[in-house]
Every structure is written in C-alpha cells, then in structure tokens.
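[1] Below is the structure, and that's it, no one-letter string:
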C-alpha cells in the first residue's frame with residue numbers, strides 16, 4: 001500500500017466543503033462512534049461528516065454522517081481520504097491511506113486480539129496519539145496533542161519503504 005503511487009488513481013474531491021471522513025468496518029469504538037465524531041467536531045469544527053459504508057454491514061452511520069456513500073469505488077474511496085480535513089476509521093487500509101495522504105486521523109480498535117496490524121502501525125510509525133481504543137482515550141489524546149507530526153512519521157515510513165524495496169530487489173535478484 002505504501003509502495004505504490006496512488007496519485008494517478010485518485011480523483012478531484014467530490015465534496016466541495018471541508019469534511020470529516022469516516023470509514024468503519026467493525027464494531028463501534030467503546031463509547032460509540034457518534035460520540036467520537038462529536039468530540040472530533042469539537043476540536044476540528046462542526047464540519048460535514050461523510051461516510052463510506054459497505055452495504056449489508058451493520059452500522060448506525062446514518063445517525064452521525066451528513067452523507068453516506070454506499071457505492072464508493074476504490075478511486076472515490078481514496079479521494080475521500082485524500083481530500084478530507086480529518087479521518088476517523090477502524091480500517092487498516094484507511095489508516096495507511098491516511099498516513100500516505102498526511103491526514104490528521106484517529107484509528108480505533110475494539111479488541112486487542114484483532115488489532116495486531118493497527119498496533120504495529122502505531123509502534124512502527126510512532127503514532128501513539130492517532131491510535132485509540134475508547135472515547136476516553138480519544139478525549140485524552142485530542143487534548144494533549146491533536147496533530148500528527150508528519151515530519152517524523154514520514155521519515156519512519158520512508159525507512160520502511162526503503163527496507164521493503166531492498167528486500168524485494170534482493171528476493172527477486174534485481
């Protein structure tokens with residue numbers, strides 16, 4: 001995900017004004033996604049909430065999203081992240097694309113047993129203030145340091161990319 005240049009795949013924004021993008025696949029955060037969005041709005045402004053949702057997935061996204069997109073193609077989905085003012089997700093790929101597009105975001109997990117990839121991202125890229133497990137965790141982190149330092153994160157991501165490219169070259173005898 002981080003190795004591929006997706007800029008040619010994304011579109012211009014389909015939403016004109018600033019928005020919070022939410023993409024949640026699993027259970028709600030401890031304390032509720034609606035409450036999480038309300039806390040984010042307190043910090044980042046009472047802006048529109050746009051959600052991408054997979055049809056058939058149990059969700060109450062209509063309770064807190066101003067617009068729900070059920071048929072987002074991959075290019076639209078990436079563009080929604082790329083042009084968002086803020087991202088709220090429980091998705092591994094939602095997290096990676098938030099990093100790729102240097103978005104301010106919160107990624108939550110509801111159970112440690114299913115969170116290994118999210119927790120790996122947290123440690124690997126020093127994203128302690130972006131990975132949360134509850135509303136209380138969100139409130140604490142949003143008040144301490146609500147912005148991701150992308151200078152440090154980008155350095156760590158680039159080191160990981162370089163390591164991955166070297167591994168691939170060595171493995172493929174290139």
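    It's in. What you see is a predicted model; the values in this text were computed from it and never measured.
[2] End to end on stretch 10-25, go ahead and measure it.
    Stretch 10-25 has an end-to-end distance of 22 Å (CA to CA, to the nearest Å).
[3] ignore the last one, stretch 26-45
    End-to-end for stretch 26-45, by CA to CA: 26 Å.
[4] buried set for that stretch?
    28, 29, 30, 31, 33, 34, 35, 36, 37, 39, 40, 41 (16 or more other CB atoms under 10 Å). From N, CA and C alone the C-beta is placed, and that goes for glycine too.
[5] repeat for stretch 64-71
    Counting neighbours by 16+ other CB under 10 Å, one finds that the buried residues in stretch 64-71 are 64, 65, 68, 69.
[6] would you turn these into JSON lines with secondary structure?
    Below are the buried residues of stretch 64-71 laid out as JSON lines (DSSP: H, G, I helix; E, B strand; the rest coil):
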{"residue": "64", "secondary structure": "coil"}
{"residue": "65", "secondary structure": "coil"}
{"residue": "68", "secondary structure": "strand"}
{"residue": "69", "secondary structure": "strand"}
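[7] quick one: which of those is nearest to residue 129?
    For the buried residues of stretch 64-71, the residue nearest residue 129 by CB to CB is residue 64; the value is 22.4 Å.
[8] Now do the SS call for the closest residue to that closest one other than its chain neighbours.
    Excluding the flanking residues, the one nearest residue 64 by CB to CB, 6 or more residues apart in numbering is residue 34, at 4.2 Å. With three-state DSSP as the basis, residue 34 sits in helix.
[9] my read: residue 34 touches residue 62, true?
    No. When contacts are counted by CB atoms under 8 Å, residue 34 is not listed as touching residue 62 (10.3 Å).
[10] returning to what we had before: which two from the buried residues of stretch 26-45 end up farthest apart in space?
    Maximum pairwise distance among these (CB to CB): 18.9 Å, between 30 and 41.
[11] before we move on, back to that, reformat the buried residues of stretch 26-45 as CSV; add pLDDT.
    Shown next, in CSV, are these (pLDDT from 0 to 100):
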residue, pLDDT
28, 92
29, 94
30, 93
31, 94
33, 95
34, 95
35, 95
36, 95
37, 96
39, 94
40, 94
41, 93
